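Student: Provided below for reference: sequence and predicted model.
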Amino acid sequence: MLSTWDGFGKGRFMQGYLALVLHAHLPFVRHPEHEKFLEESWFYEAVIECYLPLLLKLREWERDGVAAPLTLTLSPTLCAMLRDPLLQGRCGRRLEALAELAEREVHRTHWDHALQPVAVFYQQRLTELRALFAEYRGDLVAAFRAFQDAGRIEIITCAATHGLLPLLARHPTSIRAQVLVARDDYRRCFGRDPRGIWLPECAYVEGLDLFLREAGLRWFVVDTHGVMNARPRPVYGVFAPIMTPAGVAAFGREGESARQVWSRDGGYPGDPRYRDFYRDIGFDLDFEYVRPYLPSPDLRGFTGMKYHRITGGGGTKAPYQRELALAAAGEHARHFLAERARQITTLAAAFDRPPVLVCPYDAELFGHWWFEGLEFLDALAREAAAAGATGASEGSAGAVRLVRVEEYLAENPTQQVATPGGSSWGEEGFWKLWLNEKNAWIFPHLDVAQERMTALARGFPSAVGLQRRALQQAGRELLLAQASDWPFILRMGTSPEYARRRVKEHLLNFLALHEQLTAGRVEEAQLAELEARDNLFPDLDYRYWA
């Protein structure tokens, strides 16, 4: 509860809010034509190292009566993969294979006193995750939905395929489709309307709030400068949301907490007690030994079995010690909470309302890239709950109240009206990461396809049967070509040939469907093949582009 507040800067103390927002997203990668496909492993790694462990934490918090009110994005493309029977089956088999590898590792490391405890830990962990996956019958969307229905988390949506919306601004119908298709898919997955949306890459451009309002969305997150550059200047900086002219709340990312977690140099994940991400037995051990467990049978890759910590740079690395890593996670959680309490105490001297610190992160950071990240969140939630139980005092951890974003808005419905500035959380704060010399070739082709999709939607206002199916598939192919993941991958050079192939394939599929529709001759066999491969958004309304 808030303590008595006597007016601007005069009260003794007030409690502030801390909202953790985790963004879970993957591009739609599904290749039924291959038994094993390298890029599909992105999905299996995220399920095994992030989403299943997060569900375990949610169960533990519920069991122990710990209030850990997270806000979680589950992007529409991720939900489509999590609900797909083909990928569910493959993920289950991946878990079985890794559990078998862990059993072999326990035997292999029997006489290695440094590595044996780590191998046993992996065996126990994978056994638990495999049982959880089986209990949920592979349907993790339903599992997360149950936690939302119980009021323990808030699930928000994202644009349909994570398209960078400011780069679609020349074609407003494309923005509209990205937002409304996402809303419809959320309804299908979660049985209610979404209240918040994670704008892909936290990217905002003026006028975007009109489409969010049409979809019934109440709030979104932007990077710090999106709020700080608002017109008029925000009275409370990023420590309170602003209300856009269309009536949608914009929350700014709090910068100090972001640096503590994200910073490559001084951030928590770089502590030498934590597990090293890159040192994996998929690269270290005999190829024939690890081959059955690799993401691609002919290439070395990650298995998830890693025995070293971050010491030594590129040279010798010390063995991983789970106890040291857990101690580090606890220390960092306490430090994080103390720093947020310090901020709130400082802000309280100048504010006439409780400040809110919004901390958005990629969900995959916790468990995948930063293996102990979920232990950090666990320690943070438990520390905050314990501090809250003992009462708030100035500068103490009890000054920090964890909330879901929707809770904050319900308690604080009145905000300053202002127009956010154009922004993203990418390189240099705008669109450079997704529009540069390595990927600019994509957008002229998207421009043509977007114009043609709007013309199709207007030319076939009430299509049925085969025509309607073709129009829906044309919409799916265009949405998939718009995903921000492809220009990002091209810029970073991680899997550039795959990203280039995906963009070209979706655009060519769209153009073929456009040609067939305008000629009045839809090839049903070809259409059925595309529907079977790119099978997301089964109820897509192509009229959104009109």
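Tutor: Noted; the coordinates are in hand. Numbering: from 1, shown residues only.
Student: Show me the helices in the stretch 301-450 of the chain, by range?
Tutor: Using DSSP state H, counting those that start in this stretch, the helices found in the stretch 301-450 of the chain span residues 322-348, 373-390, 405-411, 442-459.
Student: Packing partners of the first one?
Tutor: Right, helix 322-348. On a contact count with 3 or more Cβ pairs under 8 Å, 6 or more residues apart in numbering; DSSP states H and E, helix 322-348 meets strand 16-24, helix 116-135, helix 255-262, strand 356-362, helix 373-390, strand 400-402. Where C-beta positions appear, they are placed from N, C-alpha and C, glycine not excepted.
Student: For the fifth one, give me every contacting residue.
Tutor: Contacts made with helix 373-390 from outside it, assessed by Cβ atoms under 8 Å, 6 or more residues apart in numbering, are listed as 18, 20, 50, 53-54, 57, 60-61, 66-68, 70, 268-269, 325-326, 329-330, 332-334, 336-337, 365-367, 370, 396-398, 400-402.
Student: Can you tell me which of those residues are buried?
Tutor: Among these, those scoring as buried are 18, 20, 50, 53-54, 57, 61, 66-68, 70, 268-269, 325-326, 329-330, 332-333, 336-337, 365-367, 370, 396-398, 400-402 (criterion: 16 or more other Cβ atoms under 10 Å).
Student: right, so of the helices of the stretch 301-450 of the chain, which gets closest to Trp425?
Tutor: Across the helices of the stretch 301-450 of the chain, Trp425 has its closest neighbour in helix 405-411 (16.7 Å, Cβ to Cβ).
Student: Outline the domain layout of the chain.
Tutor: The record's domain parsing of the chain by automatic domain parsing lists 16-83+139-255+340-428, 435-545.
Student: which stretch among the ones you listed comes nearest Trp262?
Tutor: For those, the distance to Trp262 is smallest for domain 16-83+139-255+340-428, at 7.4 Å, taking Cβ to Cβ.
Student: Span of that closest one from start to end?
Tutor: Taking Cα to Cα, to the nearest Å, domain 16-83+139-255+340-428 runs 30 Å from one end to the other.
Student: quick one: the least confident helix or strand in the chain by mean pLDDT to chain centroid distance?
Tutor: Least confident helix or strand of the chain, by mean pLDDT, DSSP states H and E, is helix 255-262 with a mean of 87. Taking Cα atoms, centre = their mean, to the nearest Å, one finds the center of helix 255-262 at 17 Å from the center of the full chain.
Student: same question, stretch 19-34
Tutor: Between the centre of stretch 19-34 and the centre of its chain there are 8 Å (Cα atoms, centre = their mean).
Student: quick one: terminal-to-terminal distance for it?
Tutor: With Cα to Cα as the measure, stretch 19-34 spans 41 Å from end to end.
Student: picking that back up, quick one, which of the domains of the chain is nearest to Asp284?
Tutor: Among these, domain 16-83+139-255+340-428 sits nearest to Asp284 (Cβ to Cβ), with 17.0 Å.
Student: For the closest one, what is the distance to the chain centroid?
Tutor: Per Cα atoms, centre = their mean, the displacement of domain 16-83+139-255+340-428 from the mean C-alpha position of its chain is 8 Å.
Student: Leu299: neighbouring residues, count only.
Tutor: Leu299: 11 surrounding residues under other Cβ atoms under 10 Å.
Student: Understood, closing this out.
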